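# sharing a sequence plus its predicted fold:
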Amino acid sequence: MLLSPTPRGARLARLLATEWLRTWDLPHGITEAAEHVVAELATNAATHGRLPGRDFRLALHATTDVLRIEVTDTRSDDLPLRQPPSTDAVSGRGLLLVEALADRWGVEVGPVPRKTVWAELDLCSPEHSGPCSGAPGDLPQESREGKNPTKPHPSRPPKR
């Protein structure tokens, strides 16, 4: 879905993702972690990836093993950089949260002027408690940087 690069668009991304995740009947730990990841990535797109008149895109893909969250914006010149914030900073912890909650995350650049920041949560992971669940489909898994990058696969949307 396309959303406006505003605080309201970021909030709507989180709310819509939460509804979508509930329809898939995923384990509670996955849904909760995914809500936070979507909120952080959408906020980053609305804050750092914002260009007038250009929306950001939220995509959620699920297989039986993995939930993949992708947020695409039109600022490939502004790549996310995870760095520890100063102790008195009021922002700058978003990617630290994404790294803590996701099993893998990374950035794909292109086609110009786009970049996609993605995060994956393993559905069968003991960290996320609950039975292995999900929906069929293939996930693109190319990474330029991030935690535990994986190799590319052809992409197709999840089946409902």
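Ah, there it is.

# could you pull out the strands for the protein?
2-3, 56-62, 66-73, 104-109, 115-122, 146-147 (DSSP state E).

# partner strands of the fifth one, parallel or antiparallel?
Under the criterion DSSP bridges, strand 115-122 sits next to strand 66-73 (antiparallel), strand 104-109 (antiparallel) in its sheet.

# can I get the CA coordinates of it in CSV?
Output in CSV follows, covering the C-alpha atoms of strand 115-122 (Å, rounded to 0.1, in the frame of the first residue of the first chain):
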residue,chain,number,x,y,z
LYS,A,115,15.4,2.3,-1.4
THR,A,116,13.7,-0.4,0.5
VAL,A,117,14.4,-1.1,4.2
TRP,A,118,13.2,-4.6,5.1
ALA,A,119,13.0,-6.8,8.2
GLU,A,120,12.2,-10.4,8.6
LEU,A,121,10.8,-12.3,11.6
ASP,A,122,11.0,-16.1,11.7
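
# so how far is that strand from its chain's centroid?
4 Å (C-alpha atoms, centre = their mean, to the nearest Å).

# so what touches that strand?
30, 33-34, 37, 41, 44-45, 49, 65-73, 75-76, 78-80, 98, 101-109, 128, 139, 141, 143, 146, 150 (C-beta atoms under 8 Å, 6 or more residues apart in numbering). Quick note: C-beta positions are derived from backbone N, CA and C, even for glycine.

# could you check how far the closest residue in space to Leu79 that isn't next to it in sequence is from Pro80?
Distances taken as C-beta to C-beta, 6 or more residues apart in numbering place Val107 nearest to Leu79, at 5.9 Å, with adjacent residues excluded. Using C-beta to C-beta, to the nearest Å, Val107 is found at 6 Å from Pro80.
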